[in-house]
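In: with the input below, show me the fold.
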Amino acid sequence: MPEASAAPQHDVAPDVMHDVVIVGGGPVGLLLACLLAQRGRDVAVLERRTERSGRSRAIGIHPPGLRALGRVGLEAEARASGVEIRDGRVTCEGRVLGSMSFARAGSVWSLPQLETEAMLERRLADLAPGALAPGVEVRGLRDLGTHVQVTGDRGGETVTVLARYVVGADGVRSGIRDLVGIGWASKPGRAHYVMGDTRDDTGEPSTALLHFEPAGVVESFPLPGGRRRWVAWVRRPPREAVASQLATIVASRVEGRFDPEAAGEPSVFEARQHLAERMHRGRVALAGDAAHEISPIGGQGMNLGWLDALLLDRELEHAIESGAPYEAFERYDRTRRASAARAIRQAAFNMRMGAPAAGARLRVRNAAVRTLAVPPLRAVLARAFTMRWL
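Out: Predicted structure coming up:
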């Protein structure tokens, strides 16, 4: 694990009744754990991995996400570690279709997820030393009415943990969601992309560049350290992405230069969208990607999960204090599923706009982008891009 791995590991004591056990030590699970620890709650985080992947993942911290980090005292560190994206521009075949400033809606900050997780992990170690238990794969849950029994495997040894409430923050392939029998409904929006990071040669270190090209969208975003992330739509994903392939795709569509010599290992991914049929069952709730899979185009997933964590923190506190978990989780379910549904619709729209287009369809799409990029719709678009409405 990164720097925070020096923190003491949780002993996963079977005779301790925790207030909350969180399954999944990604950015959502860690933020929720920090929020609960600040309230003085006994929280344990069970994480299957023993070290974090260095592969390029989420980078965008939107204004609501920045405020969420501020709730655990990390806003200043996120700003200092990240790079500010102050504006965006949309082009097609070298012509500017529209531009927007985020001055009023609030800037987006770019910080690789690995660094964000390390920051949250260090904060959790300060608030609740030993709360994070790496290397534990949860295999079973038993909701006993008054509490939940969690069983897992740690290096071949069976571990048992007791908690008043359990939160599944274990990603799109959530084992917790399956264990409690919550359905996973497919939603519109699916596409393939190649993504990679390299040196920023655009000369625009604070601008998001969206190239809505006839052959498919190419997006690029600033990263800390003078680097830039490139994401390109592809009809068929290559079996194994290499930097030279992504450089060829970028060069064939836009003037921007992706330098393969300065690039890390690219990744290929399929953007898909799903929504859990409900976000809780009994004393178990879902949060983040375990509850909703959102296309990463637009960078909404991690921030949406953080907003889940903010509300779930309040509802868990109410449930622990009042002893009425079901009413609290029903409010959480209604509010957060509605937000996730809006985010899914927005992401599906983004994917449609970035798909290949030609002839009349290309002209109509470009006209629509130009319309959205003028007042007053430009302000609405900026609010949507920065997630102010979720």
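In: flag every buried residue along the strand ranked longest in the chain.
Out: When the chain is parsed with DSSP state E, its longest strand is strand 157-168. For strand 157-168, the neighbour count (16 or more other CB atoms under 10 Å) marks 159, 161, 162, 163, 164, 165, 166, 167, 168 as buried. Backbone N, C-alpha and C define where each C-beta goes, glycine included.
In: for stretch 140-158, same thing?
Out: Using 16+ other CB under 10 Å as the test for burial, stretch 140-158 gives 141, 143, 147, 148, 150, 152, 154.
In: then stretch 288-302?
Out: 288-302.
In: how about stretch 25-44?
Out: 25-37, 41-44.
In: in strands, which of the buried residues of stretch 288-302 appear?
Out: Mapping the buried residues of stretch 288-302 onto strands (DSSP E) picks out 292, 293.
In: so which of the buried residues of stretch 288-302 would you say is closest to residue 137?
Out: residue 290 (15.0 Å; CB to CB).
In: so what's the closest one closest to, chain neighbours aside?
Out: In space, and not counting its chain neighbours, residue 290 is closest to residue 174: 3.7 Å by CB to CB, 6 or more residues apart in numbering.
In: surely the one you found and residue 167 touch.
Out: No - using CB atoms under 8 Å, residue 174 makes no contact with residue 167, being 10.9 Å away.
In: and for the two, which residues touch both?
Out: residue 286 (CB atoms under 8 Å, 6 or more residues apart in numbering).
In: CA-only coordinates of stretch 309-321 in CSV, if you can.
Out: Output of stretch 309-321 as CSV, limited to C-alpha atoms (Å, rounded to 0.1, in the frame of the first residue of the first chain):
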residue,chain,number,x,y,z
ALA,A,309,-21.0,8.9,2.1
LEU,A,310,-22.0,12.4,3.4
LEU,A,311,-25.7,11.4,3.6
LEU,A,312,-25.0,7.9,4.9
ASP,A,313,-22.8,9.3,7.7
ARG,A,314,-25.8,11.4,8.9
GLU,A,315,-28.3,8.6,8.5
LEU,A,316,-26.1,6.1,10.3
GLU,A,317,-25.6,8.5,13.2
HIS,A,318,-29.4,8.9,13.4
ALA,A,319,-29.9,5.2,13.2
ILE,A,320,-27.4,4.5,16.0
GLU,A,321,-28.8,7.2,18.2
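In: any idea how far residue 337 is from residue 22?
Out: 20 Å (CB to CB, to the nearest Å).
In: more neighbours: which of the two?
Out: Neighbours were counted for residue 22 and for residue 337 using other CB atoms under 10 Å; residue 22 has more, 33 against 18.
In: any idea which helix or strand comes after the host helix or strand of residue 250?
Out: When elements are assigned from DSSP states H and E, residue 250 belongs to helix 243-253. As assigned by DSSP H and E, the chain's next helix or strand after helix 243-253 is strand 267-271.
In: what's the mean pLDDT across that next one?
Out: Per-region confidence: strand 267-271 scores 91 on mean pLDDT.
In: buried residues in that strand?
Out: For strand 267-271, by 16+ other CB under 10 Å, it's 267, 268, 269, 271.
In: redo these as JSON lines? Include distance to residue 329.
Out: Formatted as JSON lines, the buried residues of strand 267-271 follow (distance: CB to CB, whole Å):
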{"residue": "267", "distance to residue 329": "35"}
{"residue": "268", "distance to residue 329": "37"}
{"residue": "269", "distance to residue 329": "31"}
{"residue": "271", "distance to residue 329": "29"}
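In: name the nearest of those relative to residue 371.
Out: The closest of the buried residues of strand 267-271 to residue 371 turns out to be residue 271 (CB to CB; 25.1 Å).
In: mind naming the longest helix for this structure?
Out: helix 325-354 (DSSP state H).
In: that helix - contacts with which helices or strands?
Out: With contacts taken as 3 or more CB pairs under 8 Å, 6 or more residues apart in numbering; DSSP states H and E, helix 325-354 sits against strand 207-213, strand 216-223, strand 274-276, strand 280-281, strand 292-293, helix 301-322, helix 359-372.
In: now that helix against helix 301-322, angle please.
Out: Angle, helix 325-354 to helix 301-322, by axes from the mean of the first three to the mean of the last three CA atoms, to 10 degrees: 170 degrees.
In: and helix 325-354 with strand 157-168, angle?
Out: Going by the same axes, to 10 degrees, helix 325-354 is angled at 80 degrees with respect to strand 157-168.
In: identify each buried residue in helix 325-354, please.
Out: 325, 328-329, 332-333, 336-337, 339-340, 343-344, 346-348, 350-351, 353-354.
In: would you agree residue 312 is in contact with residue 32?
Out: Yes - contact criterion CB under 8 Å: residue 312 and residue 32 qualify, at 6.2 Å.
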